[in-house]
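In: just need the structure, nothing else, for what follows:
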Amino acid sequence: MENIIINSNIIPDPVLHDTDLIPPGTVQRVIDIALPFLSLNPISNLVVSCSLSVHRSYVILTELPVFYLNGDWTHFAERSALLVLVIATTACSILFPFGHFALSQGFGVISNSYQLGSHLWKGKWIEATKVSAQLMVQTVFIASILLASTELIVLSLLLQMVSGAITSYSEFSEGRIPEGIASLLLLGVRGYGAYPLLQTLHCNYFGQTLTQELWHSLYLFKIQQGQKNVEEIFLNEGISLHVKNIDFTETNKLNSILFANMKFEDCNFKDCDFQGSRFHQISADSSLFENSSWVNTTVKNCHFNNCNFNSSYFNDATLMNTSFAQCGLNMTSFLGASALESEISHSDLTDTLLLNTKDQFRLENCTENKITKPVVAISWQFQNHGTFTPVIDHALGDNGAIRLRYECVPEDIDAAKLDSEVEASLKKMSLQELLNKIEEGSEMAKIRDKSKLYSQYMNGLALPGGNDIQPIYYGAVQESDTFPDDDHRKSFMEFNMISRAIEQGKPIMGTCRGSQMLNVALGGTLQQDVPDQFGKQEIEIADSSRSEWAKQFFGDHFPAFSMHHQASKKIGKDLEVILKKDEIPKLLMSKDNKILAVQFHPEMYIPLRDEILNNPSTHGPFFDEPSLRELIEKNQNVYRYFISQVEQNQNPVA
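Out: Next up, the predicted model:
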């Protein structure tokens, strides 16, 4: 339904489709017959509108000198105003569709209202009745477009069908057979368009109400079995598209689904993943969308009122004619999104990451869009974010950061081509040289450009864990115990993000694999397999220039969780080993304090703290309460330190 080829709810443009300046005859009759049909398709409608606009402008321009020379100032003024209106309407039809709609339909309403007043003044009751009918059809049509409700669209189509039937009867009575047949055909098109909407209305008013049990059944036996059109499923099952008080959190994987012509009220979509889904003619009221993912979604003609979108992600989403009214948008990100004819009204935009959409949204009665917290970009796979990455994300937020999740495995990159480019380049030069000599037009250049876009919005960078790094990046041969990603997208994206952050002087924290990425990015190497690095460890203070600082910060001993089988070997440029365990580096720091490469999992303080708070009678399988509280406090201090560095280097987010 989204890529509509025929829009049956349309009326000819009152400005651009007026053929009064075409000489009466066969050509004019053909154009008048064809216009309503050509208007049904957006592309043909635009082509015809522009063509007629050129003709009208030409005719008016030839008339103006005659009126001027004859001193006919009344007609000169009328034609001049019409020329301005035609040119402005044409320009808007290409550049600003909503402006075109407002100009043309506004002119039509004013023109019909003037005619109605004139007929009433002169006592021409039949003509007045006809114009009144035209004005009613036009008014309902305008309302159906602006409010986009199924009821108004059906009413608009039905009124146009009645008008078409009257017109057809009149044409046949006057012997204008082609026009009469055309009117009948157009009536059929309107009826064809109205039928599914009437079916929708029947289900909405007379169908069964969706229940929690019914939704679980539909999700299990319909959606998970490959049926992706929710509207079609509901209509086939006779279920109302008006959904109230349904909790979608247990069925939160809603990828690549079509939601159309639906209304949600008091529903819970918290943590739902809508990646790749399409929303058309959706209305949501007082519903919870907190921490939901709208990556690569298309949201068209949708209206959200009093909904909570806090900490949600609209990465690379396309929003068209969509409105957010009185919505919670705290720490919501629109990274790479586009907002066309869309608005946000009566909402608090403090710490909302509008980013590039700030100049695209119409903002009405909103608080100032200002960022009060440090923005930390975090490497994220929206389809498979792993075990520790969400906990790291939580820890960053827990310590005062706004998280800017960016896709580290972009789907629009040709993975095979990227692999060949990276591997061929690394045979000729080092990673550091490659990052400064990326060939334009390559897949590598596409990733570099993405990293430039993402990095301009961040104050700091967080790199979580994942699979092993491909050994080719540090000049080694892959060993049997090394298990890298299937392709180079993630590694190459993260190396580019590291390069951007260092170039811009922004702090970086790498955890587990992330710490290894930082070491390799700075020219270090890795030991591809190290034993016994799983579970609780007592980490030692290494002998370094910061030993005294480390003792003050970490204490005499540092309890931590580790879960890795690779570790830094040759230490990268400007890095220093601060913590270690049996000569295995556990924390590397740069001399300027902006880089923390953490080879353990300090984010584990989050689930351990929650265990104490939620289950005070149990303290975990390995710890008594005092040691557990010490572990929580000391590990959280790692995040506090990183965020403090980000705050010191915080610049306004673009």
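In: walk me through the domains of this protein.
Out: 26-204, 207-372, 377-648 (automatic domain parsing).
In: tell me where the stretch 301-450 of the chain has helices.
Out: Ranges of helices within the stretch 301-450 of the chain are 389-398, 415-426, 431-436, 443-455, based on DSSP state H, counting those that start in this stretch.
In: what about stretch 405-414, average pLDDT?
Out: Averaged across stretch 405-414, the pLDDT comes to 93.
In: where do the strands of the stretch 551-654 of the chain begin and end?
Out: 558-563, 567-568, 575-581, 584-590, 595-598 (DSSP state E, counting those that start in this stretch).
In: next: the stretch 101-250 of the chain.
Out: For the stretch 101-250 of the chain, the strands defined by DSSP E, counting those that start in this stretch occupy 242-244.
In: one step back: make TSV out of the domains of the chain and add mean neighbour count and distance to Asp20.
Out: Bear in mind the C-beta positions are built from the backbone N, C-alpha and C, glycine included. Output for these, formatted as TSV (neighbours: other CB atoms under 10 Å; distance: least, CB to CB, whole Å):
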stretch	mean neighbour count	distance to Asp20
domain 26-204	16	9
domain 207-372	19	31
domain 377-648	19	49
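In: save those as CSV, and put in distance to Asp18 too.
Out: Formatted as CSV, the domains of the chain follow (distance: least, CB to CB, whole Å):
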stretch, distance to Asp18
domain 26-204, 8
domain 207-372, 25
domain 377-648, 44
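In: so which of these gets nearest Thr19?
Out: domain 26-204 (5.5 Å; CB to CB).
In: what's the offset of stretch 490-508 from the middle of its chain?
Out: Relative to its chain's centre, stretch 490-508 lies at 24 Å (CA atoms, centre = their mean, to the nearest Å).
In: send the alpha carbons of it over as PDB?
Out: Extracted in PDB, the C-alpha atoms of stretch 490-508 (Å, rounded to 0.1, in the frame of the first residue of the first chain):
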ATOM      1  CA  LYS A 490      32.500  -4.200  11.600                       C
ATOM      2  CA  SER A 491      36.200  -4.100  12.000                       C
ATOM      3  CA  PHE A 492      36.700  -1.500   9.200                       C
ATOM      4  CA  MET A 493      33.900   0.700  10.500                       C
ATOM      5  CA  GLU A 494      35.300   0.600  14.000                       C
ATOM      6  CA  PHE A 495      38.900   1.400  12.900                       C
ATOM      7  CA  ASN A 496      37.500   4.400  11.000                       C
ATOM      8  CA  MET A 497      35.500   5.500  14.000                       C
ATOM      9  CA  ILE A 498      38.700   5.200  16.200                       C
ATOM     10  CA  SER A 499      40.600   7.200  13.600                       C
ATOM     11  CA  ARG A 500      37.900  10.000  13.600                       C
ATOM     12  CA  ALA A 501      37.800  10.100  17.400                       C
ATOM     13  CA  ILE A 502      41.600  10.400  17.700                       C
ATOM     14  CA  GLU A 503      41.700  13.000  15.000                       C
ATOM     15  CA  GLN A 504      39.000  15.100  16.800                       C
ATOM     16  CA  GLY A 505      40.500  14.500  20.300                       C
ATOM     17  CA  LYS A 506      37.500  12.700  21.600                       C
ATOM     18  CA  PRO A 507      37.800  10.100  24.400                       C
ATOM     19  CA  ILE A 508      37.400   6.400  23.600                       C
END
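In: endpoints of stretch 449-467, how far apart?
Out: Its first and final residues considered, stretch 449-467 spans 24 Å by CA to CA, to the nearest Å.
In: show the average pLDDT along that stretch.
Out: Across stretch 449-467, pLDDT averages out at 94.
In: report the distance from that stretch to the chain centre.
Out: With CA atoms, centre = their mean as the basis, stretch 449-467 stands 18 Å off its chain's centre.
In: sorry, back to before: now the strands of the stretch 551-654 of the chain in a markdown table, with distance to Tyr114 and mean pLDDT?
Out: Converted to a markdown table, these look like this (distance: least, CB to CB, whole Å; pLDDT from 0 to 100):
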| stretch | distance to Tyr114 | mean pLDDT |
| --- | --- | --- |
| strand 558-563 | 77 | 88 |
| strand 567-568 | 80 | 92 |
| strand 575-581 | 78 | 93 |
| strand 584-590 | 74 | 94 |
| strand 595-598 | 72 | 96 |
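In: can you tell me how far the residue at the greatest distance from the centre of the chain sits from Val84?
Out: Note on the chain: the largest C-alpha distance from the chain mean falls to Asn70, namely 58.5 Å (CA atoms, centre = their mean). Going from Asn70 to Val84 by CB to CB, to the nearest Å gives 21 Å.
In: next one: Lys490
Out: Relative to Val84, Lys490 is positioned 55 Å away (criterion: CB to CB).
In: could you do His557 as well?
Out: 80 Å.
In: quick one, phi psi at the residue farthest from the centre of the chain?
Out: phi -80, psi 0 (degrees, to the nearest 10).
In: and the pLDDT for the residue positioned nearest the centre of the chain?
Out: Central residue of the chain (CA atoms, centre = their mean): Ala317, 2.3 Å from the mean position. pLDDT for Ala317: 96.
In: repeat that for Pro626.
Out: Note for Pro626: predicted pLDDT of 64.
In: now do the one 10 residues further on
Out: At Gln636, the predicted lDDT confidence score is 93.
In: nearest spatial neighbour of it, skipping sequence neighbours?
Out: Distance criterion CB to CB, 6 or more residues apart in numbering; nearest residue to Gln636, sequence neighbours excluded, is Tyr605 at 4.8 Å.
In: the one you found contacts Glu630, correct?
Out: No. Tyr605 lies out of contact with Glu630 (CB atoms under 8 Å); the separation is 10.5 Å.
In: now do the shared contacts for the two.
Out: Between them, Tyr605 and Glu630 share no contacting residue under CB atoms under 8 Å, 6 or more residues apart in numbering.
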